[in-house]
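Trainee: What follows is a predicted structure for the sequence shown.
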Amino acid sequence: MNTLPGPSPFARTDAFIRTDDLLGGNFGSARTYELEKQYGNGKLMRLLEVLGAGGPFRALTPWELEDPAGHRVLNASGYAALPFGDNPPELNAFVRRILEDPQQMMFAQQSASEWRAALQANLVTLLARESNDHHDSRVFFSNSGAEAIEAAIKFAQAARPKAKYIINFTRAYHGKTLGALALTPNPNLQGPFKNILSPNVITLPFGDAEAVERTLRRVGAGKIMAVITEPILGEAGVRLPPPGFLKRLGEVCRQAGVLVIADEIQTGLGRSGHWFESVAQGLIPDIITLAKPLGGGMTAVGATIVRDEIYRPLLGSFETIKRHSNTFGGNTIAMAVGLKSLELLIDADAPARSRRLGELGLNRLKAMQARHPELLEEVRGAGLLFGMNFRPVLALPFKFQANLVSEATGALALKAFYRSGVLLNFSLNAARTMRLTPAMNMPEDVFDTLFTRVERTADAYPSSFKLVQRYGTPELLGLLKAAFLEK
Ligand SMILES: Cc1ncc(COP(=O)(O)O)c(C=O)c1O
């Protein structure tokens, strides 16, 4: 009911868009782009529009998308956040069942919640099965990966209040909120924010456990609160550590009393072929962060799993129980979807499936790279995380230009594969590496078609320069104009 004086603003249909306009599915892509460009991240939307690879899509199946022109693509671009593809029917039906209960309490911030209770318990049970060290762990829920990292930093600092440094690694990606960004050593992303990012971050080469040992000796282990690492660098384009690195890192830190945070937001819950990649590699983390697959591609769930003795200094006493919280973390829909997603992953033994399909896919990518070394510099993979590192489309001597060429290489590769019916992922810390992160439940025949299309595309582009040539001069000029000339 409209209780404000005067006519309801919703009567002014010229100004307010009604939900019914969207529910009918007839909103239109032109209008969508117009509004996106005017009121949102216009530059990004314009570039996607010019590339013709930005939808808006409809999900024909969880694995196949259709754009407004009727072009169909297999979706390998879920950024590891679509464990079951887009709008999977099992989750869709499950959410409907919850919504059917009109007395279901949705916002349980200041009360106990059975959904949250169950998801906490299941996450700890799963982790404890993999690692003996986590039987008494606790879980803090939030609304994104970056927020799970922020919580991890606060738990670590509260547990080691006298230590002010965190060690991170080159090319890591932990998110874009200020705490997480300080741990993400990407000059472009950190650029204008450097002044407000913590200076107490020591960045060491990924894979070099001796560098960690030396730093602990030089700075003093007592001054270092934690080491944070991704077990595999996802946004750096799927970069695996050298064998033994993670295990050694864990031993060094445990001996020195320094905490280890494993950021499993991208690798965790089966994607890389294990429930927890860090644990599988012999590292026993004190804190683990999770996010992407827990939301089942439907909603946002971040989780920070913390050993009890590290949890308590932040939230374990009457004086401090309010030191960390958020409004929406742990809400009913998020927790229920998280619980169901975890159940589906466990029932399907997702890690085993990722390992098996991952090996098939990586072998095909390797053979493809061997056939087309002028197109692909390298291919990498772990489970259902694949990276294809393209050669630069042009060789330019200056670093500034090299960055632009790398960005252009990624965009042109995206377009070339899109034309062949494959939607790829960008990589935030490696512009020339495009990733495939297909759903973990992708049927085998669809997976096979996906890789056949990838191979056919590579066969059609014997060198990366062909990505430019084949794009077409008017399209290329349009892209350059959208990138550099348009406001
Ligand atoms: C390893 C890792 N950590 C943290 C994040 C940040 O997660 P979000 O984008 O949900 O904030 C990401 C996202 O890509 C990630 O891959």
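Mentor: Cool, the structure landed. Not measured: the values here are computed from a predicted model.
Trainee: Please give me every residue in contact with the residue of the stretch 101-250 of the chain found nearest the ligand.
Mentor: Nearest to the ligand, among the residues of the stretch 101-250 of the chain, is residue 145, at 2.2 Å (CB to the nearest ligand atom). For every residue, glycine as well, the C-beta is placed using N, CA and C. By CB atoms under 8 Å, 6 or more residues apart in numbering, the contact set of residue 145 is 174, 175, 180, 265, 289, 291, 292, 302.
Trainee: do residue 326 as well
Mentor: 142, 143, 147.
Trainee: Near the ligand, which residues of the stretch 101-250 of the chain are found?
Mentor: 144, 145, 146, 149, 173, 174, 175, 230, 234, 235 (CB under 6 Å from any ligand atom).
Trainee: so which pair among those residues is furthest apart in space?
Mentor: Farthest apart among these by CB to CB are 144 and 230. That separation is 16.1 Å.
Trainee: Which one of those two is surrounded by more residues?
Mentor: Counted by other CB atoms under 10 Å, residue 144 and residue 230 do not tie: residue 230 has more neighbours, with 27 against 20.
Trainee: okay but that one is in contact with residue 173, surely?
Mentor: Yes: checked against CB atoms under 8 Å, the pair residue 230 and residue 173 is within contact range at 7.2 Å.
Trainee: Stretch 381-390 and the ligand, are they touching?
Mentor: No: counting by CB under 6 Å from any ligand atom, the ligand is not contacted by stretch 381-390; separation bottoms out at 10.0 Å.
Trainee: right, and residue 219 touches residue 211 too?
Mentor: No: if you go by CB under 8 Å, residue 219 and residue 211 don't touch, sitting 11.9 Å apart.
Trainee: can I get the contacts of residue 326 in a markdown table with pLDDT and secondary structure?
Mentor: Formatted as a markdown table, the contacts of residue 326 follow (pLDDT from 0 to 100; DSSP: H, G, I helix; E, B strand; the rest coil):
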| residue | pLDDT | secondary structure |
| --- | --- | --- |
| 142 | 98 | strand |
| 143 | 97 | coil |
| 147 | 98 | helix |
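Trainee: Of the residues you listed, which is the nearest to residue 82?
Mentor: residue 143 (17.6 Å).
Trainee: Pull up the residues of the stretch 251-400 of the chain that are close to the ligand.
Mentor: Residues of the stretch 251-400 of the chain that fall close to the ligand, judged by CB under 6 Å from any ligand atom: 263, 265, 266, 291.
Trainee: Which of these fall within strands?
Mentor: The members of those that map onto strands under DSSP state E are residue 263.
Trainee: Spell out for me the PyMOL command that would select the buried members of the residues of the stretch 251-400 of the chain next to the ligand.
Mentor: Of these, the buried ones go into a single PyMOL selection, burial set by 16 or more other CB atoms under 10 Å:
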select buried, resi 263+265+266+291
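Trainee: Rebuild the contacts of residue 326 as JSON lines, extending it with neighbour count.
Mentor: Below are the contacts of residue 326 laid out as JSON lines (neighbours: other CB atoms under 10 Å):
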{"residue": "142", "neighbour count": "25"}
{"residue": "143", "neighbour count": "20"}
{"residue": "147", "neighbour count": "24"}
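Trainee: which among the residues you listed gets closest to residue 422?
Mentor: residue 143 (30.5 Å).
Trainee: isn't the closest one right next to residue 302, touching?
Mentor: Yes: using CB under 8 Å, residue 143 is in contact with residue 302, at 5.9 Å.
Trainee: name the element residue 207 belongs to?
Mentor: Following DSSP states H and E, one finds residue 207 outside all helices and strands.
Trainee: Identify the residues contacting it.
Mentor: Residue 207 makes contacts with 169, 241, 242, 245, as judged by CB under 8 Å, 6+ apart.
Trainee: how about low-confidence regions in the protein?
Mentor: When residues are selected by pLDDT under 70, those of the chain lie in 1-15.
Trainee: Show me how it divides into domains.
Mentor: Domain assignment of the chain by automatic domain parsing yields the ranges 23-82+350-485, 99-347.
Trainee: got CSV for the ones you listed, with distance to residue 91 too?
Mentor: Putting the domains of the chain into CSV (distance: least, CB to CB, whole Å) gives the following:
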stretch, distance to residue 91
domain 23-82+350-485, 9
domain 99-347, 5
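Trainee: Name the stretch among those that sits most buried.
Mentor: domain 99-347 (a mean of 20; mean count of other CB atoms under 10 Å).
Trainee: Quickly note the distance from the closest residue to residue 415 other than its chain neighbours to residue 147.
Mentor: Nearest non-adjacent residue to residue 415, counting by CB to CB, 6 or more residues apart in numbering: residue 51, 5.2 Å away. As judged by CB to CB, to the nearest Å, residue 51 and residue 147 stand 30 Å apart.
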